[in-house]
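J.: Okay, predicted coordinates and the sequence, questions at the end:
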Amino acid sequence: MCDERARMLQDQFNVSMNHLQALAILISTFHHAKNPSAIDQITFARYAERTAFERPLTSGVAYAVKVLHSEREQFEKQQGWKIKRMDSTEQSPAREEDADLENRDEYAPVIFAQDTYKHVISFDMLTGKEDRENILRARESGKGVLTAPFRLLKSRRLGVILTYAVYKSELTSNATPAERIQAAIGYLGGIFDVEALVDKLLHQLACKHSMMVNVYDKTNPYEPIIMYGSNMTNVGLYHISTLNFGDPIRKHEMHCRFKQKSPLPWLAITTSIGTLVIALLVGYIFHATVSRIAKVEDDYRQMMELKKRAEAADVAKSQFLATVSHEIRTPMNGVLGMLQMLMDTDLDITQEDYVRTAQASGKALVSLINEVLDQAKIESGKLELEAVPFDLRAVLDDILSLFYGKAQEKGLELAVYVSDQVPDVLVGDHGRIRQIITNLIGNSIKFTERGHIYLTVHIFEEVLNSLDKEIEVHSTDTLCGFPVANRRCSWESFKNFKLELPASDPSLLSTSSSHINLIISVEDTGVGIPLEAQSRVFTPFMQVGPSISRIHGGTGIGLSISKCLVGLMKGEIGFVSQPQIGSTFTFTVVLTRACTNSNEYKSSEFHGMTALVVDHRPARAKVTKYHLQRLGVNAILEIDPNQVLSRLTSGTLTINMVLVEKETWSKDSSIWPFIISKLKGNQLDIPKVLLLTNPTSSVKSNTSSSMEYISTIITKPLRASMLQVSLRRAMGCGDGEHSRNGRLPQLSLCGLLHEKQILVVDDNIVNLRVASGALKKYGAEVTCAESGKKAIGMLKPPHKFDACFMDIQMPEMDGFEATKRIREMEADINKQIECWEVPVETFENVLHWHVPILAMTADVIQATHEECLRCGMDGYVSKPFEGEQLYREVTRMLVQVFIGFSIRHCLMEYRGGFEKGESWR
């Protein structure tokens, strides 16, 4: 406890010493280094008073300046007082004039002092014994020095003075004592009332009455000077603590002892007890840790066992789904295939209706199986996305063709618009994007009885820049005039929009990287979603009401799967819906730019042509302009039919065709004969007039004679391929023969497969009949095999087959193993031919054997495209399949074979090894 008090007193003393040293530097800087001085007595006293709290042990400070004898007279005139002498024994004022004072070479009169010690101003500190010794030692050492204890002037209490010398600013840190004496210009003293300070410290510790404390100056160990307290007797034990006040010459000690009987050693007792308690706690903690480790290890073993069971259950579930899928798809393939073959026969109207109904039911069942399997793969985390180049605009055209019939039945206007900023070719999983959009449009058609369904595609930055400009959509601004839900509300919850980053931010701009952030919206004018059901729209197997599935069909998992697919593509999905107004679903996907662009429809036949689109609805006119621009036609929009004549006769631009919306034509049908007659009267070229109409619109019902001026009627929805055929027919560019509604020309099918030798391998007789029937319809010669072993023997070179369709799941040997053995057999024979180990004539002059093998299976979980490629297969078809699906795969394989043949042919000609009659198979 005594050491603690000594340490506290010493720490407070050190704080005061540091502040005094700082004050000495301040005086040197602002008093001596400035002319005139920035410090006077009032400033010094005020500063010392206000900073007294930083010197907790000092009772006052004063500053004495060094004055030489030759400077004394001028100094006294400047100060307005005479230098006074101090009594060497009493430390009290003495006579103003003294012979000894007159004969001194140097003086140290006080010029600044704290208000409590203002009475010492003008006294020469060198005339005091203790002060003189302090000043001489301080300026020689450059450190703070202490006086011996003495009685202060007014309080008569014991105190000491700490003195610091003030030097000129140019004094170096390694100056000699002589240089220090020469550079000294003043002396700062701090007065310490030791008795008052120790009393204050003991009061703070609340133990003044229980412990006796003495402070000694033991510079002279034989004659110690007591600075605080009374003399202690030698009775009892006392503790000695050393005090270090910074002056190495002065030695100080603090002696402590209790006034009463020494108390019990509570510290030792509590320390022992605490040590015992800590030891017990450490032992308990160690025991608990060991027990916990053992429990964690046991839990880990149990967790690993449960993990193995869960993985086994997941594998069993996947195998179960694969088996069920295969077992259901296999007969469904036969059902749908036979129904398709039945459709190709002569049927009456009733029979054809029955067959179409059965075919639609079968396709609905297959779609349901696909959705359930997708949901299972999503839940197990095994759904993977492809990354292949594709033309998004062509994909959307295919989707429009898919829903063409349903939209025609309900009289709905179906339209699509893709922004010019969306690249022609993107890299991503186009199948999953098609699945999402198909699901959304299918739902829109299902719940929409009148109006339109409008699909739009923009890039994220384009929509972000238009947020401030977009306002509420009026009914006249929509595609067909019906009010719609504000699509902006469908993406307000997206995180990217909540970031509120400027479009100039490089992290958002699609142009700053290879990634493209698309935002796709599907807008309809259907019945909408009730407010109470909107919260469960994306919940699997949940529908608005129990009657929905009976009225409209469906399982309620399409939107749930779409949300998961969007999440896998690093996007978001949302919607806005108003009952009896309609719904708008919006989602974003992140795709990659492709290195090449698609120019599928921008042929030279329409290059340089200009079309005038006349439609009083701007949104619908924008869709028409989009499809015309895809064909390379320059489109001009006009919403007022009365301005058409001025457009045609302006002479600034030659207009080759005029596309008029049926609704706009009917509203002003009388104006068109007038326009044509004016053009004829002016002997101007009359452009072709094309009428855009919905499937349910009746053109013949218009009795106006103006209908005779129409060159062609184009039925919506607009698609590039269909519009290209219509424009060719109207403008006389080519014969106009093209695919219609997505159907492949029969002549091209027969031309491609005519007399081609195809081997079909499947253990199911019905599947063999379906595949062979579909291929024979296009002129192929089909051979069937019931097992993989039989296929190996039939495909052993030399053979006659141009391609092979191989089922994967077969008894004895599956399609994967059979394909591996066929490839090994082909590789061995090719090596022998290349090394001239066998004559080429033995293998019918074929230098390289590689038969294209196409996998076909109902197992959509295990038989992935990557696994087929690893086994050496060239393609993949899932059951149930149709004839056109088989045709497309065969086309792709034969094209690859032709390219490979051409490359090898060139290489062999370069090497000089291509002999007459030699070929590849």
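T.: That came through fine. Residues are numbered from 1 along each chain as shown.

J.: Name the helix or strand for Pro279, please.
T.: Careful, residue 279 is Ala and not Pro. If you go by DSSP states H and E, Ala279 is part of helix 266-343.

J.: Isn't Val422 up against Leu392?
T.: Yes: if you go by Cβ atoms under 8 Å, Val422 and Leu392 touch, sitting 6.6 Å apart. C-beta: built from backbone N, CA, C; applies to glycine.

J.: Comparing these two, which residue is more hemmed in?
T.: Per other Cβ atoms under 10 Å, whichever of Val422 and Leu392 has more neighbours is Leu392, with 24 against 18.

J.: separation between the more buried one and Gln421?
T.: Relative to Gln421, Leu392 is positioned 12 Å away (Cβ to Cβ, to the nearest Å).

J.: between Val422 and Leu392, what contacts are shared?
T.: Val457 (Cβ atoms under 8 Å, 6 or more residues apart in numbering).

J.: Determine the longest strand present in this structure.
T.: Assignment by DSSP state E gives strand 582-593 as the longest strand of the chain.

J.: Can you list the strands that that strand pairs with?
T.: Paired strands of strand 582-593, with direction, are strand 425-428 (antiparallel), strand 515-524 (antiparallel), strand 573-578 (antiparallel) (DSSP bridges).

J.: got the CA coordinates for it in CSV?
T.: Output in CSV follows, covering the C-alpha atoms of strand 582-593 (Å, rounded to 0.1, in the frame of the first residue of the first chain):
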residue,chain,number,x,y,z
GLY,A,582,-53.9,-7.6,-66.0
SER,A,583,-50.4,-8.7,-64.8
THR,A,584,-46.9,-8.0,-65.7
PHE,A,585,-44.1,-10.5,-64.8
THR,A,586,-40.5,-9.2,-65.1
PHE,A,587,-37.2,-11.1,-64.6
THR,A,588,-33.5,-10.4,-65.2
VAL,A,589,-30.8,-12.8,-66.3
VAL,A,590,-27.0,-12.3,-66.7
LEU,A,591,-25.7,-13.6,-70.0
THR,A,592,-22.4,-13.2,-71.9
ARG,A,593,-21.7,-11.5,-75.2
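
J.: Going by neighbour count, list what's buried in it.
T.: 582-589, 591 (16 or more other Cβ atoms under 10 Å).

J.: With stretch 442-461 instead?
T.: Buried residues in stretch 442-461, counting neighbours by 16+ other Cβ under 10 Å, are found at 442-448, 451-461.

J.: Restricted to strands, list these.
T.: Short answer: these in strands (DSSP E) are 452-459.

J.: Out of those residues, which is nearest to Thr712?
T.: Set against Thr712, the nearest of these by Cβ to Cβ is His452 (23.0 Å).

J.: surely that closest one meets Asp524?
T.: Yes: using Cβ under 8 Å as the test, His452 is close enough to Asp524 to be in contact (7.3 Å).

J.: which residue sits closest to Arg104, ignoring its sequence neighbours?
T.: His69 (6.4 Å; Cβ to Cβ, 6 or more residues apart in numbering).

J.: ditto for Ser419
T.: His458 (4.5 Å).

J.: what does Phe30 give?
T.: Distances taken as Cβ to Cβ, 6+ apart put Ala38 closest to Phe30, at 4.3 Å, once the chain neighbours are dropped.

J.: and if you look at Val457?
T.: Closest to Val457 by Cβ to Cβ, 6+ apart is Val418, at 4.4 Å.

J.: need the contact list for the one you found.
T.: 392-393, 396, 456-457, 626.

J.: and if you look at Phe112?
T.: 27, 39-41, 44-45, 62-63, 121.

J.: For Lys200, state which of these is nearest.
T.: Comparing these against Lys200 with Cβ to Cβ places Ala62 closest, at 21.8 Å.

J.: From Asp828, how far off is that closest one?
T.: 112 Å.

J.: Which one of those two is surrounded by more residues?
T.: Taking other Cβ under 10 Å, Ala62 and Asp828 do not tie; Ala62 has more neighbours (23 against 12).

J.: Hmm, the more buried one is touching Gln114, no?
T.: Yes: between Ala62 and Gln114 a contact is recorded at 6.9 Å, counting by Cβ under 8 Å.

J.: picking up where we left off before, wait, which of the strands paired with strand 582-593 is closest to Glu409?
T.: Glu409 lies closest, by Cβ to Cβ, to one member of the strands paired with strand 582-593: strand 515-524, at 15.7 Å.

J.: Could you list the buried residues of that closest one?
T.: Neighbour-count burial for strand 515-524, counted by 16+ other Cβ under 10 Å, picks out 516-524.

J.: Same question for stretch 111-131.
T.: In stretch 111-131, counting by 16+ other Cβ under 10 Å, buried: 111-114, 116-117, 120-131.

J.: can you tell me which of these are in strands?
T.: Judged by DSSP E, strands contain the following of those: 111-113.

J.: Next, format the residues you listed as TSV and append pLDDT and distance to Glu54.
T.: As requested, these are arranged in TSV below (pLDDT from 0 to 100; distance: Cβ to Cβ, whole Å):
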residue	pLDDT	distance to Glu54
Ile111	92	22
Phe112	92	17
Ala113	91	18
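
J.: Out of those, which is nearest to Tyr164?
T.: Closest to Tyr164, out of all of these and judged by Cβ to Cβ, is Phe112, at 13.7 Å.

J.: So what sits opposite that closest one in the bridge?
T.: Beta-bridge partners for Phe112, by DSSP bridges, are Tyr63.

J.: how close does it get to Lys82?
T.: 17 Å.

J.: Likewise for Thr147?
T.: 25 Å.

J.: cool, and Thr116?
T.: 23 Å.

J.: rewinding a little: just put the buried residues of strand 515-524 in CSV and tack on distance to Lys77 and pLDDT.
T.: Formatted as CSV, the buried residues of strand 515-524 follow (distance: Cβ to Cβ, whole Å; pLDDT from 0 to 100):
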residue, distance to Lys77, pLDDT
Ile516, 91, 90
Asn517, 88, 91
Leu518, 94, 93
Ile519, 92, 94
Ile520, 97, 95
Ser521, 97, 94
Val522, 102, 95
Glu523, 101, 94
Asp524, 105, 94
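
J.: which one among the contacts of Val418 gets closest to Cys804?
T.: Within the contacts of Val418, proximity to Cys804 (Cβ to Cβ) peaks at Leu392, which comes in at 33.6 Å.

J.: wait, what's in contact with the nearest residue to the closest one once chain neighbours are set aside?
T.: Distance criterion Cβ to Cβ, 6+ apart; nearest residue to Leu392, sequence neighbours excluded, is Leu426 at 5.7 Å. Residues near Leu426 by Cβ under 8 Å, 6+ apart: 389-390, 392, 516, 591-594.
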